[in-house]
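Engineer: Here is my input; please provide its structure:
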Amino acid sequence: MGKPTGFLEYERMDGPVISEEKRIENFLEFHGMLPKEKQEEQASRCMDCGVPFCQAGQLISGMASGCPLHNLVPELNDLVYRGCFEQAYERLSMTHSFPEFTSRVCPALCEAACTCGLHGDAVSTKDNEKAVIEFAYEYGLVKEIAPKTRTGKKVAVVGSGPSGLAAAQLLNSRGHKVTVFERSDRVGGLLRYGIPNMKLDKSVIDRRVKLMEEAGIEFRTGVNVCGNVSAEELELEYDAIVLACGASNPRDINAPGRDTEGIYFAVDFLGKVTKSLLDSDFDILNCLKDKKAEKTGIINEVYGKDVIVIGGGDTGNDCVGTSIRLGCKSVTQLEMMPKAPDERLASNPWPEWPRVCKTDYGQEEAIYKFGHDPRIYQTTVKEFISQKVKDKNGKEVKKLKEVVIQSLEPKKDEKTGRMVMVPVEGSEKTIPADLVLIAAGFLGSESYVTEGFSLEVDPRTNVKTDAGKYRTVSKANSFKKGKHKALVYTAGDMHRGQSLVVWAISEGRNAAREVDRDLMGYSNL
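Structural biologist: Residues are numbered from 1 along each chain as shown. Coordinates of the predicted model:
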């Protein structure tokens, strides 16, 4: 696979990246692509390693190693190396629904498990994947399957994130009539309103959705299932329902002063920014460029303000980068866990996922803008401090002024034996804060949906299924008179908990196969 000596002849080269100085001026994607011949050269670095962990997608020491979609990575790289991009796209499409999404937002589990990475730099599989899918779009190769005949079965997919879209895609290709319900005003779920535009330009979603619509999938936006449409209505109308509503129940910070104005959950904030960008056709950026222009909407929330981000993960990093683009005065990112080592420890061998410190794009931009890394490790918020001010209607409200932060230290819990982070007495500090964004993760599915469908959940509120299955476990007598007929399934974060886009796509595809088998007696998906 690839050129036998390619990994010895060529150093890894990633696509060009726009500098921090330029990219913080807008919300455009800033990762470019190499010329085709250079990408072929990079693909030649894929060695004939014999055991391609890159496509294993298995758990090692509780962490994923390799691609959960089991993409045929060495074969893909070999075809790219030989310049056979059309065949490479065909090969990629055998296992993958949306390479255009993962090639932009996936942390590249395939590369972390690459054999070349054991003693050097991994093959740039993520960039190779992006080159293939963009080539395919450019030359009109990307087509959704519009079935010539229909099965007569109707399937409702609730949620249009990566898992719901993947399930809808396969079920439609099989001939089932698929309707996707989305409670937001636009299709995409987390892809649309949870991931900033500079990581995933929303036109990338739109072009795929357009193809799916042309292939016969119906999208209904502004429909909140178990809200303005009942679960019973869907169960009476459809033969099967796939719940792909995400793990959208955010983890809160229960500290004194939490009811103060100026504290938001991170995904709500990111969604609000993206919606403002889309609704204004990106015109709010003109307000930022023209310092004399009156700031409106979301800009007022951030421009010239001290921002605190609670959480050190990808969403927290996205909040940092977004705040900088909206002209914040300062940004501080609080991480409760200790800083990860800069290099792999002996206790974290390849091909395990590398538990090392990563400086992402948001932190890079903060370093450029403010001269230092925004992260403070082993720290949490002890109290939110407010001041009374009058809003535009003259009403007195509590407005965020400062936060009291406190250091944490790891200690062993005597009951469980696990290491936990506990406050350090006397370590409190008060820092200015006009806006706090809570990016502390998610607790699982939202109860109004699971209760609406009378579904059993596990202790983490993920929807319960049999091991390795996607059909839900329903409570007895879920509806009066037992009139409902639909089989109910779940997939994605709602099923497995907060995870990656690539896992969501894998879940959606697997759930579609199970639905198809139950409806038809067999499945060729």
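
Engineer: show me where pLDDT drops low in the protein?
Structural biologist: Scanning the chain for pLDDT under 70 picks out the ranges 1, 287-296, 475-484.

Engineer: any idea how far residue 322 is from residue 399?
Structural biologist: Distance from residue 399 to residue 322, counting by C-beta to C-beta, to the nearest Å: 21 Å. To be clear about C-beta, it is placed using only N, CA and C from the backbone, and glycine gets the same treatment.

Engineer: Which of those two has more residues huddled nearby?
Structural biologist: residue 322 (26 against 15; other C-beta atoms under 10 Å).

Engineer: and the more buried one, what helix or strand is that in?
Structural biologist: Residue 322 is part of helix 314-325, with elements assigned from DSSP states H and E.

Engineer: could you say what helices and strands that helix packs with?
Structural biologist: helix 266-279, strand 306-310, strand 330-335, helix 361-370, strand 435-438 (3 or more C-beta pairs under 8 Å, 6 or more residues apart in numbering; DSSP states H and E).

Engineer: hmm, who's touching the shortest one?
Structural biologist: In other words, strand 435-438. With C-beta atoms under 8 Å, 6 or more residues apart in numbering as the contact definition, strand 435-438 has outside contacts at 250-253, 262-266, 269, 301-302, 305-311, 316, 319, 323, 328, 381, 384, 400, 403.

Engineer: just checking, next helix/strand downstream of that strand?
Structural biologist: Next element after strand 435-438 (DSSP H and E): helix 447-452.

Engineer: Pull the helix or strand following that following helix out as PDB, backbone CA atoms only.
Structural biologist: Per DSSP H and E, the first helix or strand lying C-terminal to helix 447-452 is strand 487-490. What follows is strand 487-490, C-alpha atoms only, in PDB (Å, rounded to 0.1, in the frame of the first residue of the first chain):
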ATOM      1  CA  LEU A 487     -40.500   0.300  16.200                       C
ATOM      2  CA  VAL A 488     -38.300   2.800  18.000                       C
ATOM      3  CA  TYR A 489     -34.500   3.000  17.700                       C
ATOM      4  CA  THR A 490     -31.800   5.300  18.900                       C
END
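
Engineer: what packs against strand 487-490?
Structural biologist: Using 3+ C-beta pairs under 8 Å, 6+ apart, strand 487-490 sits against strand 240-243, helix 501-520.

Engineer: roughly how far out does the very next helix or strand once past that strand sit from the chain middle?
Structural biologist: Following strand 487-490 in sequence order, the next helix or strand is helix 493-496 (DSSP H and E). Between the centre of helix 493-496 and the centre of its chain there are 13 Å (C-alpha atoms, centre = their mean, to the nearest Å).

Engineer: Residues in contact with helix 493-496: which ones?
Structural biologist: 159, 161, 163, 190, 243-248, 442, 444-445, 449, 462-463, 465, 470, 499, 503-504, 507, 511.

Engineer: next one: stretch 419-426
Structural biologist: Contacts of stretch 419-426 (C-beta under 8 Å, 6+ apart): 336-337, 378, 380, 382, 406-413.

Engineer: can you redo the helices and strands packed on helix 314-325 as a markdown table with distance to residue 143 and mean neighbour count?
Structural biologist: Below are the helices and strands packed on helix 314-325 laid out as a markdown table (distance: least, C-beta to C-beta, whole Å; neighbours: other C-beta atoms under 10 Å):
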| stretch | distance to residue 143 | mean neighbour count |
| --- | --- | --- |
| helix 266-279 | 26 | 19 |
| strand 306-310 | 41 | 26 |
| strand 330-335 | 42 | 24 |
| helix 361-370 | 33 | 20 |
| strand 435-438 | 40 | 25 |
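
Engineer: Save these as JSON lines, and put in distance to residue 32 too.
Structural biologist: As requested, the helices and strands packed on helix 314-325 are exported to JSON lines (distance: least, C-beta to C-beta, whole Å):
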{"stretch": "helix 266-279", "distance to residue 32": "21"}
{"stretch": "strand 306-310", "distance to residue 32": "27"}
{"stretch": "strand 330-335", "distance to residue 32": "26"}
{"stretch": "helix 361-370", "distance to residue 32": "14"}
{"stretch": "strand 435-438", "distance to residue 32": "29"}
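
Engineer: Residue 521 is nearest to which of these?
Structural biologist: With C-beta to C-beta as the measure, helix 266-279 is the member of the helices and strands packed on helix 314-325 nearest residue 521 (40.1 Å).

Engineer: Taking strand 306-310 as reference, get the angle to the closest one.
Structural biologist: If you take axes from the mean of the first three to the mean of the last three C-alpha atoms, to 10 degrees, helix 266-279 sits at 130 degrees to strand 306-310.

Engineer: got the CA coordinates for helix 266-279 in CSV?
Structural biologist: Below are the C-alpha coordinates for helix 266-279, written out as CSV (Å, rounded to 0.1, in the frame of the first residue of the first chain):
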residue,chain,number,x,y,z
ALA,A,266,-21.4,26.9,25.5
VAL,A,267,-23.4,25.2,22.8
ASP,A,268,-26.2,27.7,23.3
PHE,A,269,-23.7,30.5,22.8
LEU,A,270,-22.0,28.9,19.8
GLY,A,271,-25.4,28.3,18.2
LYS,A,272,-26.5,31.9,18.8
VAL,A,273,-23.3,33.1,17.1
THR,A,274,-23.8,30.9,14.1
LYS,A,275,-27.5,31.8,13.7
SER,A,276,-26.5,35.5,13.8
LEU,A,277,-23.9,34.9,11.1
LEU,A,278,-26.3,33.0,8.9
ASP,A,279,-29.3,35.3,9.5
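
Engineer: Which residues does that helix contact?
Structural biologist: 27, 184-186, 190, 192-197, 202, 248, 250, 284-285, 297-298, 301, 309, 311, 315-316, 318-319, 322, 326, 437-439.

Engineer: Please look at residue 64 and residue 351 and confirm they touch.
Structural biologist: No: under the criterion of C-beta atoms under 8 Å, residue 64 makes no contact with residue 351, lying 10.4 Å away.

Engineer: Distance to residue 366 and mean neighbour count added to the helices and strands packed on strand 487-490, as TSV?
Structural biologist: Formatted as TSV, the helices and strands packed on strand 487-490 follow (distance: least, C-beta to C-beta, whole Å; neighbours: other C-beta under 10 Å):
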stretch	distance to residue 366	mean neighbour count
strand 240-243	38	29
helix 501-520	24	24
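
Engineer: would you list those in a markdown table and tack on distance to residue 14?
Structural biologist: Putting the helices and strands packed on strand 487-490 into a markdown table (distance: least, C-beta to C-beta, whole Å) gives the following:
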| stretch | distance to residue 14 |
| --- | --- |
| strand 240-243 | 36 |
| helix 501-520 | 19 |
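
Engineer: For burial, what's the neighbour tally of the closest residue to residue 13 other than its chain neighbours?
Structural biologist: In space, and not counting its chain neighbours, residue 13 is closest to residue 42: 6.0 Å by C-beta to C-beta, 6 or more residues apart in numbering. The tally of other residues near residue 42 (other C-beta under 10 Å) stands at 26.

Engineer: Secondary structure class of residue 42, three-state.
Structural biologist: Following DSSP: H, G, I helix; E, B strand; the rest coil, we place residue 42 in the helix state.

Engineer: Please indicate which of the contacts of helix 266-279 are buried?
Structural biologist: Listed as buried from these are 27, 184, 186, 190, 192-197, 202, 248, 250, 284-285, 298, 301, 309, 311, 315-316, 318-319, 322, 326, 437-439; burial here means 16 or more other C-beta atoms under 10 Å.
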